[in-house]
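[1] Sequence and predicted model, in that order:
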Amino acid sequence: MSLLFGKKSKAIRFYDTATWFYDRQNYTEAIPYYRKAANLGSVEAGLAMAKCYRIGAGVAVDENRAFRIYKKLSSRSPEARWLLGRCWFEGVGVKRNLPRAIRCYEKAAQKGHAAAQTDLAICYLEGTYVRQNLRQAVVLLRMASRQGYAPAQYKLGYCYDDGIGVGKIPERALKWYERAADQGYVDAVYQLAVCYLRGKGVERDDATAVSLLRQAADQGHAGAQLSLGCCYHDGRGVEKSPVEAVKWVRSAAELDYTMAQVLLGNFFKSGDCVPRDLNEAAHWYRQAARQHNRDAEYQLGLLYSRGIGDENGSPNYEKAGEWFRLAAEQGHPEAQYELALCYLHGDGASKKPNYAEAIRYLEPAAENGIAGAQYTLGTCYLRGLGVRRSPAEAAKWFQRAAERGNADARTQLLEIRKRQNFV
């Protein structure tokens, strides 16, 4: 017994010494002590060694060695079992294997490991190698949340916010966001700010929202930076400041946040908050378009059709059509209309009118309330372009476009009615 106690005591001393060096970023000195403590049976030291191998702290990165340490310790430690599951899930140090990852999560979760319960809950939420089970996900999130695990508290708040596996209860969403935010969990801080901005589960309070947004933005949360920029733009909770608005929106855009990139592009396109610069606008739209943002693709189509972005500085309808198509295939109504016009006029790759393709894109754009598309579709029915000629169908679309303020549609509608009365 005394020998066992002495061994354990020595392991603790080695581990504490290693931690002292590690906390001071002297990783090279920490490694020998972690190794000695691990050899004496310290699970904590073994986990610390595995972490060092994963991140390359004091040793060369060796993910497979980290994986092997987790595997060796998994029968003794729920933490190791969970981390082993993470390796299987992410393919760290081993080929990705979701069934094994799920089994590790389940075993660690059964031992009450909060992080494993949360990861397993996310698998149930998303249906990742398990049958989607929203209620089971919420049960697991509650278990982890009651242990004070901030990521679970945030996720549980999100479930109450969106009614995922539970009823929509804004007040409960707010409660769990607050608990996670109190621990500094940045996603929760941001969502709490959104609650105050929109008055969800709490009385609307723009000043409190801005304070929370700043807290999250300072930690590099792109969504918070964009929202804070919008608050400065609109004067919500703070005094209007174009300089601060651009600063925070640009900061989010530089973090590759597509919504911020599109908004920054809009600023440069319109001259809002910054001097108008269409080439700079095109730059930010391209950044967002690389992530398949349909608004950015549509805006690039407009710029190319006006000679912006092309080396010659002249309209490039072929390039414009390519961007319109990308946006249109994602259901962007304005892009569908612009692409239809390309087909009608023979602009772009085809070089000649293609009325059938024009109709294919005009119809969804018109159904989505684009007045120009409704008027153009009416014209196609009136003239029999790509469709069987039908004055009645033409009148229907002219009527819809006229209701949306299209003056040409009103004129055409009157002409059709005059002919009908004359007949």
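    That came in fine, so what should we check first? Owing to the predicted nature of the structure, the values given are computational and were not obtained by experimental measurement.

[2] buried stuff in stretch 131-149?
    Judged by neighbour count using 16 or more other CB atoms under 10 Å, the buried positions of stretch 131-149 are 133-134, 136-138, 140-145, 149. For every residue, glycine as well, the C-beta is placed using N, CA and C.

[3] quick one: contacts of it?
    109, 112, 114-115, 117-118, 120-122, 124-126, 151-153, 155-156, 159, 164-166, 176, 179, 183 (CB atoms under 8 Å, 6 or more residues apart in numbering).

[4] Now list the buried members of those residues.
    By 16+ other CB under 10 Å, those give 109, 114-115, 117-118, 120-122, 124-125, 151-153, 155-156, 159, 164-166, 176, 179 as buried.

[5] Sitting in helices, which of those do you find?
    109, 114-115, 117-118, 120-122, 124-125, 151-153, 155-156, 159, 176, 179 (DSSP state H).

[6] would you put the C-alpha positions of the longest helix belonging to the chain in CSV?
    The residue-count maximum for a helix in the chain (DSSP H) belongs to helix 2-23. Extracted C-alpha coordinates of helix 2-23, given in CSV (Å, rounded to 0.1, in the frame of the first residue of the first chain):
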residue,chain,number,x,y,z
SER,A,2,2.8,2.4,1.0
LEU,A,3,4.6,1.6,-2.3
LEU,A,4,1.5,2.3,-4.3
PHE,A,5,0.9,5.6,-2.4
GLY,A,6,4.5,6.6,-3.0
LYS,A,7,4.2,5.9,-6.7
LYS,A,8,1.0,7.9,-6.9
SER,A,9,2.6,10.8,-5.0
LYS,A,10,5.6,10.8,-7.2
ALA,A,11,3.4,10.8,-10.3
ILE,A,12,1.5,13.8,-8.9
ARG,A,13,4.8,15.7,-8.3
PHE,A,14,6.0,15.0,-11.8
TYR,A,15,2.7,16.1,-13.3
ASP,A,16,2.6,19.3,-11.3
THR,A,17,6.1,20.1,-12.3
ALA,A,18,5.3,19.5,-16.0
THR,A,19,2.2,21.7,-15.7
TRP,A,20,4.3,24.4,-14.2
PHE,A,21,6.6,24.4,-17.2
TYR,A,22,3.7,24.0,-19.7
ASP,A,23,1.8,27.0,-18.3
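
[7] so what secondary structure elements neighbour that helix?
    helix 27-39, helix 43-55 (3 or more CB pairs under 8 Å, 6 or more residues apart in numbering; DSSP states H and E).

[8] Report the buried residues of the first one.
    The reference is to helix 27-39. 27, 30-31, 33-38.

[9] Any chance of those residues in CSV with distance to Leu300 and pLDDT as columns?
    Below are the buried residues of helix 27-39 laid out as CSV (distance: CB to CB, whole Å; pLDDT from 0 to 100):
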residue, distance to Leu300, pLDDT
Tyr27, 47, 97
Ala30, 51, 97
Ile31, 51, 97
Tyr33, 57, 97
Tyr34, 53, 97
Arg35, 56, 96
Lys36, 60, 96
Ala37, 58, 97
Ala38, 55, 96
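
[10] wait, which of these is closest to Asp205?
    Closest approach between the buried residues of helix 27-39 and Asp205, by CB to CB: Tyr27, at 45.0 Å.

[11] Now do the residue nearest to that closest one when sequence neighbours are not counted against Tyr22, distance only.
    Distances taken as CB to CB, 6 or more residues apart in numbering put Gly58 closest to Tyr27, at 3.1 Å, once the chain neighbours are dropped. As judged by CB to CB, to the nearest Å, Gly58 and Tyr22 stand 8 Å apart.

[12] any shared contact partners between the two?
    Common neighbours of Gly58 and Tyr22 (CB under 8 Å, 6+ apart) are Ala30.

[13] tell me the contacts of Lys71?
    Leu84.

[14] no no, Glu126
    Gln132.

[15] run the last query once more with 10 Å
    By CB atoms under 10 Å, 6 or more residues apart in numbering, the contact set of Glu126 is 132, 137.

[16] and if you look at Gly112?
    With CB under 10 Å, 6+ apart, Gly112 has these contacts: 78, 143-144, 147.

[17] Does it belong to a helix, a strand or coil?
    In three-state terms, and counting by DSSP: H, G, I helix; E, B strand; the rest coil, Gly112 is coil.

[18] so what's Ser2 scoring on pLDDT?
    Reading off the confidence values, Ser2 has pLDDT 46.

[19] what residue ranges in the stretch 251-400 of the chain score low on pLDDT?
    Counting by pLDDT under 70, the ranges of the stretch 251-400 of the chain that qualify are 310-311, 348-350.

[20] Surely Ala30 touches Ala38?
    No. Contact criterion CB atoms under 10 Å: Ala30 and Ala38 do not qualify, at 12.0 Å.

[21] Which neighbours do those two have in common?
    In contact with both Ala30 and Ala38: 15, 18, 48-49, using CB under 10 Å, 6+ apart.

[22] and these as TSV, adding neighbour count?
    Formatted as TSV, these follow (neighbours: other CB atoms under 10 Å):
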residue	neighbour count
Tyr15	23
Ala18	29
Ala48	24
Met49	25
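
[23] Return the member of those residues nearest to Val246.
    Nearest member of the shared contacts of Ala30 and Ala38 to Val246, counting by CB to CB, is Ala48, at 44.2 Å.
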